[in-house]
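Peer 1: Just need the structure, nothing else, for what follows:
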Amino acid sequence: MKLDLNFIRDQFPAFSEPSLQGWAFFENAGGSYPCKQFLNKFTSFYAKNKVQPYYPYPASKMAGEMMDTSYERMASYLGVDAEEIHFGPSTTQNVYVLANAMRPMWKDGNEIIVSCQDHEANAGAWRRLASRGIKIIEWHVNAETGLLNTEELKGLFTDKTRMVAFPHCSNVIGHINPVNEISEMAHDHGALCVVDGVAYAPHGFPDLRTLGADIYLFSLYKTFGPHLGLMYVDKQLIVKMENQSHFFKEGITRSMLTPAGPDHAQIGATSGILDYFDAVYEHHFSEEATATERNLALTQLFRQTEKALMEPLLEYLRSRQNIKILGLDQTEARVPTISILPHHKSIEEVYAALTKHQLMLGTGDFYAARPLMDMGIPRDPGVLRMSFLHYTSREEIDQLMEGLKIAL
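Peer 2: So this is what the prediction gives:
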């Protein structure tokens, strides 16, 4: 099956926006373009349903139904129960709330393992528990490759380990970590598994039924929707946590991890992401399928498309003697988030030349300070990052490679 790129790009208003014509977008790891299905629902909610939800009058009733639909459909795509889906302002804030909710589950002196490959969203709040009696064990990356080693992880467990936190893949290294293997390892030691999927989910939603994570988090503004963070929390786990909302919300699991309350409009419009997925599935496949089956088929289609785009780019980058590629230089076990370091020119100089070539990229540490520190890379200026998704065209890849030739 080949992705119909014209159909895909028709679903994103950005590709017909006059002010963006000629520009190639390669900073998708910082936030994707939103799909029209989400935008239409979001606009409609503000125009018609921006009232308190769940009252019996029509506008309020519809608002509540839209929100419930987003919980239910997102759960179906991810293969979990609707009560296990939680929406918060961002992944960073969701982890902050989780850390406070989970601390009472543990005793002073208990240990949690936190990887040094994480975006700080899944690192900072856990590390702060060191001031509250929890011992933080760091799982460092390889100083040369930036990869995590599961053999090293085995040696970090003790009888006091209560949790392991790590990314599904890094937002600067791009390597896909073996979540199933790490989850099994954690569970064998009686520990929980918390996975930051922010850099992975844009390339295909995970099947949480089989992944093994107890908690999984990602950002909806990086998956074609609103600026919200989504977290899956196993329903047997959340009842052990301390309620972070109002006292009268105790036991209402949808509310316990959202102390500020839900953002009605953004949650109500989130199902627009799944409208987009459904439209892509129906355009490419004729078989009837459940939401989770559609998700699996789309993930394979998206990954196949992205790998085909990565091949020529990585081949070109491997041919350059004046850059370093962070992480693996092959398409297997990585997503198309590719960071490089130029050897003979400054990042600022290269970046300026790429911008003149109408290329939208990113530079810096991207809040992935710890893997850069482990690899001896200064956070300022950091790295040059190129990131793309299934809606990227081969012509844009060629534009990027031509820009790199000029800039380097």
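Peer 1: When you work out contacts or count neighbours from here on, use the C-alpha atoms and nothing else.
Peer 2: Will do.
Peer 1: Domain-wise, how is the protein divided?
Peer 2: The chain breaks down into these domains under automatic domain parsing: 5-33+291-407, 41-273.
Peer 1: which one of the ones you listed has the most crowded surroundings?
Peer 2: Looking across those with neighbours counted as mean count of other Cα atoms under 10 Å, the highest average goes to domain 41-273: a mean of 20.
Peer 1: What are the boundaries of the helices in the stretch 101-250 of the chain?
Peer 2: Counting by DSSP state H, counting those that start in this stretch, the stretch 101-250 of the chain has helices at residues 124-127, 150-154, 179-188, 208-211, 235-238.
Peer 1: now these as a markdown table including mean pLDDT and distance to V195?
Peer 2: Shown next, in a markdown table, are those (pLDDT from 0 to 100; distance: least, Cα to Cα, whole Å):
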| stretch | mean pLDDT | distance to V195 |
| --- | --- | --- |
| helix 124-127 | 97 | 13 |
| helix 150-154 | 98 | 15 |
| helix 179-188 | 98 | 8 |
| helix 208-211 | 94 | 10 |
| helix 235-238 | 96 | 15 |
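Peer 1: With H168 as the reference, name the closest of those helices.
Peer 2: helix 179-188 (6.5 Å; Cα to Cα).
Peer 1: from the middle of its chain, how far away would that closest one be?
Peer 2: Distance of helix 179-188 from its chain centroid, counting by Cα atoms, centre = their mean, to the nearest Å, is 20 Å.
Peer 1: May I ask you to name the longest helix in the protein?
Peer 2: helix 291-319 (DSSP state H).
Peer 1: Show me what the helix or strand that comes right after that one is packed against.
Peer 2: Following helix 291-319 in sequence order, the next helix or strand is strand 323-325 (DSSP states H and E). Contact partners of strand 323-325 among helices and strands, from 3 or more Cα pairs under 8 Å, 6 or more residues apart in numbering; DSSP states H and E: helix 291-319, strand 337-342.
Peer 1: Let me see the ranges of the strands in the protein.
Peer 2: For the chain, applying DSSP state E gives strands covering 24-25, 85-88, 111-115, 135-139, 161-167, 192-196, 215-219, 229-233, 323-325, 337-342, 359-360, 362-364, 383-387.
Peer 1: Look up how far K50 lies from R127.
Peer 2: Look at R127 and K50: by Cα to Cα, to the nearest Å, they are 38 Å apart.
Peer 1: Now mean pLDDT and distance to K405 too, for the helices and strands packed on strand 323-325, in CSV please.
Peer 2: Output for the helices and strands packed on strand 323-325, formatted as CSV (pLDDT from 0 to 100; distance: least, Cα to Cα, whole Å):
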stretch, mean pLDDT, distance to K405
helix 291-319, 98, 9
strand 337-342, 98, 12
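Peer 1: how about the ones you listed, which one is nearest E138?
Peer 2: strand 337-342 (23.4 Å).
Peer 1: wait, what's in contact with L408?
Peer 2: L408 makes contacts with 322, 342, 345, 350, as judged by Cα atoms under 8 Å, 6 or more residues apart in numbering.
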